[in-house]
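J.: structure for this input, please:
(chains A and B)
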Amino acid sequence: MAQVKRPLSPHLQVYAWGAHMAVSIMHRITGSALAFGAILLAWWLVAMATGHDYFNIVQSYAGSMLGRLVLFGITFALMQHLASGIRYLFTDMGKLYELKDNTASAKVVFVFSIIATIVVWVAAYKVMGVL
Amino acid sequence: MSDMNTPLSKVRGLGSAKDGTNHWLSQRITAIANIPLTIFFVVSFVGNVGKSHAEWVAWLKQPLVSVLLILFIANFTHHMRSGLQEVVEDYIHSHGLKFAVTLAIKFSCILIAALSIFSILRIAFGG
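T.: From the prediction side, this is the model:
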């Protein structure tokens, strides 16, 4: 039997990308990334409970170039997930549904997460006395 | 309009997930609780960065810090479980695989919570 070619409803790929779409998919990506961060946090706490020597080993992993890169990514994921999560709480209350507000708030989420990530890292380096 | 739902299932209003709005609501409640807990965690983490093991232990031993950290872990692992489950429900369509992955997520989140909270208690009550 010949396959009947039925028209499909427009799907994701036909729409122009906008901040409101990016923030939605990023919320899931950063949320999943934070699950990985949760494993690292558990490891770090276990190391602290294990004792001085093992804690220092884990701390040296965290302080390595790769460790810092991962922690930087997790910081951004946390800030992005926090900001877009708060935005979702507003949409749950029925707000921010006008296209203009929806896109503008999505942009605010990205600007906030980038600035907050930088602020956290500058503060951390200042605490360590590097800056 | 005809539909396949029995009157009883319509009255219960539980929908296709079979547990109504519980999942949705608990995800929002844990999300709200996560806001202050995350800010506490980030601020205190940054404030202590680079410190020695003894200094970290002394920080964590403070009763308020131990309690807030335990609440943070318990709350975010719950939130994480429901969030990851939602992702799995959307992207995995095979019934058996969905069940297996959902169960694995649940067990992993509980394991992460148990390891973290046990470590905190061990430090808090340890010598």
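J.: please count neighbours and contacts with C-alpha atoms only from this point.
T.: Noted.
J.: show me where the chain has helices.
T.: The chain I'm using is chain A. A:19-50, A:52-63, A:65-92, A:99-127 (DSSP state H).
J.: oops, I was thinking of chain B
T.: B:7-12, B:22-48, B:53-61, B:63-91, B:95-125.
J.: A:W121: which of these is closest?
T.: Across the helices of chain B, A:W121 has its closest neighbour in helix B:22-48 (8.2 Å, Cα to Cα).
J.: which elements pack onto the closest one?
T.: If you count contacts as 3 or more Cα pairs under 8 Å, 6 or more residues apart in numbering or on different chains; DSSP states H and E, helix B:22-48 packs onto helix A:65-92, helix A:99-127, helix B:63-91.
J.: let's have those in a markdown table, adding distance to B:T21, mean pLDDT and mean neighbour count.
T.: What follows is the helices and strands packed on helix B:22-48, written out as a markdown table (distance: least, Cα to Cα, whole Å; pLDDT from 0 to 100; neighbours: other Cα atoms under 10 Å in any protein chain shown):
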| stretch | distance to B:T21 | mean pLDDT | mean neighbour count |
| --- | --- | --- | --- |
| helix A:65-92 | 13 | 97 | 18 |
| helix A:99-127 | 25 | 96 | 16 |
| helix B:63-91 | 12 | 96 | 18 |
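J.: can you list those helices in TSV and add distance to B:F118?
T.: Shown next, in TSV, are these (distance: least, Cα to Cα, whole Å):
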stretch	distance to B:F118
helix A:65-92	23
helix A:99-127	27
helix B:63-91	9
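J.: among those helices, which comes closest to B:P36?
T.: helix B:63-91 (9.2 Å).
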